[in-house]
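S.K.: mind looking at a prediction? Sequence and model below.
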Amino acid sequence: MDWRIDRKHYTKYCSKWRRSNRGILKPNHRYFMGKINKITNEFLTNNKKFLLAHQPEIYYSMKGKKLPKKYQNFQPFNIHSVIRDEPVETPPPKQDPYQLQQEEEKKRLKEEKLQQEKIAKKKEQERIRRNREAAERENSYIHWVDPFEPVNKNKLGHSQSWRIEKKYEYY
């Protein structure tokens, strides 16, 4: 215990550690992901305007964010049509009543299917809960048994005082 008192233990025991390779960090997944994230962030800051003008879905996917509504039906800017002074072709919107009816039917069927799945999931959870409760009830009857004691301890002979009918009761 004298090594704690004179404080020389620091040089005695720590000098070995200083000579070892414990201070050198080995690159791991976190290290490499940090490098990758740094490079992607630099790229996105440098090319933000171009990506938002031409390919916003790539920009937001690299950011790890959901594509905003204003870019969802985005038609990329066609440089060649501007140079040739040609109009950019856009498909006309479809407003067929039969198609709308079919879409509503699909939507309704999908909602019904989701509702049935929800009910089935709820029933499954209820079944699992009942089984768990039954197992807990049954486990309350299971106890540790000592193999060195008799099975009928306190059940035979003079210990069966509860069977003897007394002539009169004592208080």
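M.R.: Thanks, I have the structure now. Numbering: from 1, shown residues only.
S.K.: quick one, domains of this structure?
M.R.: 27-73, 97-140 (automatic domain parsing).
S.K.: so which of these is the most surrounded?
M.R.: domain 27-73 (a mean of 11; mean count of other C-beta atoms under 10 Å). Bear in mind the C-beta positions are built from the backbone N, C-alpha and C, glycine included.
S.K.: just to revisit the earlier point, need the domains of the chain in CSV with mean pLDDT and distance to residue 165, can you?
M.R.: CSV is the format used below for the domains of the chain (pLDDT from 0 to 100; distance: least, C-beta to C-beta, whole Å):
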stretch, mean pLDDT, distance to residue 165
domain 27-73, 88, 80
domain 97-140, 93, 33
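S.K.: save the ones you listed as TSV, and put in distance to residue 148 too.
M.R.: Putting the domains of the chain into TSV (distance: least, C-beta to C-beta, whole Å) gives the following:
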stretch	distance to residue 148
domain 27-73	54
domain 97-140	24
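S.K.: out of those domains, which is closest to residue 151?
M.R.: Among the domains of the chain, the nearest to residue 151 by C-beta to C-beta is domain 97-140 (20.3 Å).
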